[in-house]
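Undergrad: The amino acid sequence is not available; the structure is as follows:
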C-alpha cells in the first residue's frame, strides 16, 4: 500500500526525531492505549493525518479528529478512506471547540498541546471539560519538565519558555493543577529518553532508535512498580475524570 505523501512529509513533525531518515513502508499507526471503545465517542485533539484517530476507530471507538491545519485534515480523510476506516475529521481550534456540551466520552491528545503557549492551555482545558460528558475521561500525553532528556533539551535553549512551535515543558505539579479543573488527576509514565516511544514501529526504526524505544519500554514497565520513576519520565500521560 502506497503511503500518503503528507504522511511522509510530516513524519518528523508527528513522530519525532527517532524517525529521522525512515522510509515508510507502511503507515505507522500504533495500538490504541485505551480499552475497547464499544462505540463510544472520542475526540482526538491535534490529529494531523489521523494516526491516533485511526487507532481509536480500530479499537472500537467512534472518533472525531480535529486539527487547525486544513491540509492535515484533508490528508487524514484521504488516509482513512484508503484504509477503510470510519472516522470524522474537522478543522478546529482546541481553544474554541465546535461541539456541544457533553459530546464526548473521552478526549485524547498525543504530543500536541505541548506546542501551545502555556497561557493558552487553561482555555483548552476548559473547552475539553465542556465537551466531556459527566464521568468522561481525559487522556493527554505531555512532556515532563523534569524528564532526563527534556532537561538536556531545555538547557540547550537556556531554559527559555519557548515560542512559536517550540515545545513547552510542564512539571507534574503544573499538570495536576491544570487538569484538576476537570476532575481528579493521575499521571503515568509514557516514555523515557524520548517522546513518542512506539514499540509497534520497531520494524521501521534504525538501530539506534530501536535501542532507545526498548530502553524506554523497560523503564515504563518498571515505573508501574516504582512510581518514583514517573518523576524523571520524559513523556507522561495525564488522566483526569470529569466529576459529575
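TA: Cool, got the structure. This one's a predicted model, so the numbers in the text were calculated from it and none came from an experiment. Numbering: from 1, shown residues only.

Undergrad: Let's verify residue 31: helix, strand, or coil?
TA: Following DSSP: H, G, I helix; E, B strand; the rest coil, we place residue 31 in the coil state.

Undergrad: hmm, I was thinking of residue 188
TA: When the rule is three-state DSSP, residue 188 gets the label strand.

Undergrad: neighbours around residue 84, how many?
TA: 7 (other CB atoms under 10 Å). Just so you know, the C-beta spots here come from the backbone N, C-alpha and C atoms, and that holds for glycine as well.

Undergrad: which phi and psi does it have?
TA: With angles defined as degrees, to the nearest 10, residue 84 sits at phi 70, psi 40.

Undergrad: can you tell me how far it sits from residue 171?
TA: Using CB to CB, to the nearest Å, residue 84 is found at 42 Å from residue 171.

Undergrad: Which strands and helices lie in contact with the longest strand along the chain?
TA: Longest strand in the chain by number of residues, with DSSP state E as the criterion: strand 132-143. The contact analysis (3 or more CB pairs under 8 Å, 6 or more residues apart in numbering; DSSP states H and E) places strand 132-143 against strand 104-109, helix 172-179, strand 235-241.

Undergrad: Could I get the buried residue list for the first one?
TA: For strand 104-109, burial by neighbour count (16 or more other CB atoms under 10 Å) applies to 104-109.

Undergrad: For that strand, name the packing helices and strands.
TA: Checking 3+ CB pairs under 8 Å, 6+ apart, strand 104-109 ends up next to strand 41-45, helix 121-131, strand 132-143.

Undergrad: and if you look at the second one?
TA: Contact analysis of helix 172-179 by 3+ CB pairs under 8 Å, 6+ apart lists helix 121-131, strand 132-143, strand 185-191, strand 235-241 as its packing neighbours.

Undergrad: Residue 234 contacts residue 212, doesn't it?
TA: No. Residue 234 is beyond contact range of residue 212, at 10.5 Å (criterion: CB atoms under 8 Å).

Undergrad: if I look at the residue sitting nearest the centre point of the chain, how far off is residue 130?
TA: Nearest to the geometric centre of the chain sits residue 110, at 0.4 Å (CA atoms, centre = their mean). Residue 110 sits 21 Å away from residue 130, going by CB to CB.

Undergrad: Who has more neighbours out of residue 234 and residue 212?
TA: Higher neighbour count among residue 234 and residue 212: residue 234, with 26 against 19, using other CB under 10 Å.

Undergrad: tell me the contacts of the more buried one?
TA: Residues in contact with residue 234 (CB atoms under 8 Å, 6 or more residues apart in numbering) are 143-144, 147-150, 191-195.

Undergrad: Residue 37 - that's part of a helix, no?
TA: No. Residue 37 sits outside any helix when classified using three-state DSSP, being coil.

Undergrad: Tell me the predicted confidence for it.
TA: pLDDT for residue 37: 95.

Undergrad: Repeat that for residue 163.
TA: 88.

Undergrad: A helix includes it, no?
TA: No. Checked against three-state DSSP, residue 163 lies outside a helix; its state is coil.
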